[in-house]
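> Have a look at this prediction, sequence included:
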2 protein chains.
Amino acid sequence: MTDFPGITPPDAQAEAAALARQGTLTKPPGALGRLEQLSVWVSACQGVCPPRQFERPRVVVFAGDHGVTAAGVSAFPSEVRVVDIAVDSDAPLTPTIGAHKVRRGSGNIAVEDALTAEETEAAVEAGRRVADEEVDGGADLLIVGDMGIGNTTAATTLIAALTDSEPVAVVGRGTGVDDEGWARKTAAIRDALYRARGLATNPLPLLQVCGGADLAAMAGFLAQAAVRRTPVLLDGVVVTAAALLADVMAPGARQWWQAGHRSTEPAHSLALQRLQLDPIVDLQMRLGEGTGAAVALPIVRAAVATLGSMATFGEAAVNDGGQ
Amino acid sequence: MTDFPGITPPDAQAEAAALARQGTLTKPPGALGRLEQLSVWVSACQGVCPPRQFERPRVVVFAGDHGVTAAGVSAFPSEVRVVDIAVDSDAPLTPTIGAHKVRRGSGNIAVEDALTAEETEAAVEAGRRVADEEVDGGADLLIVGDMGIGNTTAATTLIAALTDSEPVAVVGRGTGVDDEGWARKTAAIRDALYRARGLATNPLPLLQVCGGADLAAMAGFLAQAAVRRTPVLLDGVVVTAAALLADVMAPGARQWWQAGHRSTEPAHSLALQRLQLDPIVDLQMRLGEGTGAAVALPIVRAAVATLGSMATFGEAAVNDGGQ
């Protein structure tokens, strides 16, 4: 049985110290806006104030294809790579990339389960192992990305199921489908949601029926990263769908995450709202592969630098206006 | 007489080439969102495709204080630095910082002109010289920042005058004034606007009556940067007020600018709208000093990298889905 130990929140003492230190920096209180909140969050995650600059941020991209592309939901053929969880290919992959492969593609969720129960557990466990490998390897910040054909369809289905939303309200253009493609995608999601009725509070069966191996692996990865007390920047709609599930599997895990960006997919905004995460940037990106979160990384670094490098009024001996 | 030669737009041929190249990169069209638009803009500014990564971006901070602080509009005392245009201080400054100083503080615009006509011209010319120095020194991207006490009051007045807005609609909290401070600030701006009536299309008299030496210098700097065909990232409300004036003094100059960020000042959004500039990030920052634009710089760099480093479908020999 795939379960995760209770998630402990980031360090409250370091958080309080960071908040207090922000108030003494040589600037008007609040003037650095979101950077202040991010700096305090990093302090809390690291359990130290001021926080350390990230030395080993790692981008992990989970690749998997989805049989639902048979329903004509995507504008692109299947040719992708990286941690191969379920790419629909027998093409030679490096041993590293292929080490965690669960199956060739996930099932067409419009008409069949994405996975078997065993495959679902295996995929979640694969993600958990990748998280352990990364943290054991010294990663101090993780960025999760997705790669695959048909994955926005499965992700949108999961988000609709978990938030009890109508398909028409959440279906976007993915990587660029036209009107007819959008209609086919919406129909496929409606069919998949019908197959998944009643499973909204059951993460593993939900992933089995209307998710996919890559999504299950990402959910396992995200839950385990929180178990290991390692901060994460989420990417787009696919990763955030997995994050919604991970926070059900490991309640409280979301305290260890920030949303790197807001993509153009309507379901992404819905999932972020449910997770109470406010994206760092909004650049109308919709590529996935960790790109949106990677673009936000320099901003998180800048936030860390404010607490780590900016002088306090005390250090600078500047009149604080109160004397 | 301070005037600027006609502004030539960024290179249309490089722009077209960049737009075409974006369409051939190994990703769905449009998937990089705002990054694509920024990459095309940089190509056009540099007149080359793919664009070169920035090698010498420079942050230039114009410092000046404002007599309107006598009206109780600010929460902070006057203790600032960098290109000193009109800091209210005789304290020893380095020769470099003080080389362009126009006067000690600008007048209290609620009751008197900020500057004389001669000082206004001298300040615009000082900004123009600083731009020339930077471009001659090899700067390939300029970030303009402000520093000073009372400058959001003068900037807000200029923006209200140029956009024919009511003070109450545009006055923000600056670096953190309370309710009474806000009321005093609004009253001071109303008085200054009354003194400036009829000057909305006259940049120099407007700067003289209700602007300030730092704002005049920034306007001269921004206009000259466009004359020298050098791209600029604008910072917050003070810099953007100067940008509004610079685009009147040198029509078309705004084609050479991007808005680095959206600050929390209402007047900033109004000025951005007038300039038809969409800020790259919105992080609720309100520090000035170039910080908002500096945070956006890595995103512009990432945009440049997409056109410069990402493979095209042709280069990667990937099936384009059309075959």
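All right, it came through fine. Because the structure is predicted, anything quoted here is derived from the model rather than measured.
> who touches residue A:249 in this structure?
A:2-4, A:124, A:203-204, A:219-220, A:223 (CB atoms under 8 Å, 6 or more residues apart in numbering or on different chains). Glycine gets a C-beta too; all of them are placed from N, C-alpha and C.
> cutoff 10 Å now
Counting by CB atoms under 10 Å, 6 or more residues apart in numbering or on different chains, residue A:249 touches A:2-4, A:7, A:124, A:203-204, A:207, A:219-220, A:222-224, A:226.
> Check residue A:142 too.
Each residue near residue A:142 by CB under 10 Å, 6+ apart is listed here: A:56-60, A:130-131, A:134-135, A:221-222, A:225, A:228, A:230-234, A:256-257, A:290, A:293.
> Inside strands: which ones of those residues?
Counted as lying in strands by DSSP state E, out of those, are A:57-60, A:232-234, A:257.
> Might you list the low-confidence residue ranges for the stretch 1-150 of chain A?
In the predicted model, the stretch 1-150 of chain A carries pLDDT under 70 at residues A:1, A:72-82, A:91-95.
> could you pull out the strands for it?
A:57-64, A:83-86, A:141-147 (DSSP state E, counting those that start in this stretch).
> Partner strands of the shortest one, with direction?
According to DSSP bridges, strand A:83-86 forms sheet pairs with strand A:57-64 (parallel).
> now the strand it pairs with and strand A:141-147, what's the angle there?
Orientation check (axes from the mean of the first three to the mean of the last three CA atoms, to 10 degrees): strand A:57-64 against strand A:141-147 gives 20 degrees.
> How far away from the center of its chain is strand A:57-64?
Distance of strand A:57-64 from the chain centroid (CA atoms, centre = their mean, to the nearest Å) equals 10 Å.
> which parts of that strand are buried?
A:57-64 (16 or more other CB atoms under 10 Å in any protein chain shown).
> With just CA atoms, put it into PDB.
Extracted C-alpha coordinates of strand A:57-64, given in PDB (Å, rounded to 0.1, in the frame of the first residue of the first chain):
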ATOM      1  CA  PRO A  57      18.200  23.400  -7.600                       C
ATOM      2  CA  ARG A  58      17.200  20.500  -9.800                       C
ATOM      3  CA  VAL A  59      14.600  20.300 -12.600                       C
ATOM      4  CA  VAL A  60      13.100  16.900 -12.900                       C
ATOM      5  CA  VAL A  61      10.900  16.300 -15.900                       C
ATOM      6  CA  PHE A  62       8.600  13.300 -15.900                       C
ATOM      7  CA  ALA A  63       7.700  12.000 -19.300                       C
ATOM      8  CA  GLY A  64       4.700   9.900 -20.300                       C
END
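> got the strands of the stretch 1-150 of chain A as TSV, with distance to residue B:100 columns?
Formatted as TSV, those follow (distance: least, CB to CB, whole Å):
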stretch	distance to residue B:100
strand A:57-64	41
strand A:83-86	55
strand A:141-147	42
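> what's around the residue lying closest to residue A:271 once chain neighbours are set aside, how many residues?
Nearest residue to residue A:271, sequence neighbours excluded (CB to CB, 6 or more residues apart in numbering or on different chains): residue A:240, at 4.3 Å. Using other CB atoms under 10 Å in any protein chain shown, residue A:240 has 33 other residues around it.
> do the one 4 residues further on as well
Around residue A:244 sit 24 other residues, with neighbours defined as other CB under 10 Å.
> can I assume it is in contact with residue A:274?
Yes - with contact defined as CB atoms under 10 Å, residue A:244 reaches residue A:274; the gap is 6.2 Å.
> Mind listing the shared neighbours of the two?
In contact with both residue A:244 and residue A:274: A:159, A:162-163, A:254, using CB under 10 Å, 6+ apart.
> measure residue A:132 to residue B:68 for me?
As for residue A:132, its distance to residue B:68 is 60 Å (criterion: CB to CB, to the nearest Å).
> More neighbours: those two, which one.
For the pair residue A:132 and residue B:68, the greater number of neighbours falls to residue B:68 (32 against 15), based on other CB under 10 Å.
> Next, the contact list for that one, please.
Neighbours of residue B:68 in contact, by CB under 10 Å, 6+ apart: B:74, B:105-112, B:114, B:149-151, B:153-154, B:157, B:184-185, B:188-189, B:191-192, B:210, B:212.
> now the helices: where do they sit in the stretch 201-323 of chain A?
A:203-210, A:213-227, A:237-249, A:266-274, A:291-309, A:313-316 (DSSP state H, counting those that start in this stretch).
> circling back to that earlier point, report the buried members of the contacts of residue A:142.
For the contacts of residue A:142, buried by 16+ other CB under 10 Å: A:57-60, A:130-131, A:134-135, A:221-222, A:225, A:228, A:230-234, A:256-257, A:290, A:293.
> Please report phi then psi for residue A:199.
phi -100, psi 10 (degrees, to the nearest 10).
> pLDDT at it, what is it?
The model reports residue A:199 with a pLDDT of 95.
> I'd assumed residue A:161 was in contact with it.
Yes - under the criterion of CB under 10 Å, residue A:199 makes contact with residue A:161 at 6.8 Å.
> between those two, which one's more packed in?
residue A:161 (25 against 18).
> Secondary structure element for the more buried one, which one?
helix A:151-163 (DSSP states H and E).
> Buried residues in whichever helix or strand comes after that helix, which are they?
Per DSSP H and E, the first helix or strand lying C-terminal to helix A:151-163 is helix A:167-170. Using 16+ other CB under 10 Å as the test for burial, helix A:167-170 gives A:167, A:170.
> quick one: average confidence on helix A:167-170?
88.
> Against which helices or strands is it packed?
helix A:151-163, helix A:179-195, helix A:266-274 (3 or more CB pairs under 10 Å, 6 or more residues apart in numbering or on different chains; DSSP states H and E).
> any chance of these in JSON lines, with mean pLDDT too?
Below are these laid out as JSON lines (pLDDT from 0 to 100):
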{"stretch": "helix A:151-163", "mean pLDDT": "96"}
{"stretch": "helix A:179-195", "mean pLDDT": "93"}
{"stretch": "helix A:266-274", "mean pLDDT": "96"}
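> Return the most buried member of those.
Mean neighbour count, computed with mean count of other CB atoms under 10 Å in any protein chain shown, is highest for helix A:151-163 among the helices and strands packed on helix A:167-170, reaching a mean of 29.
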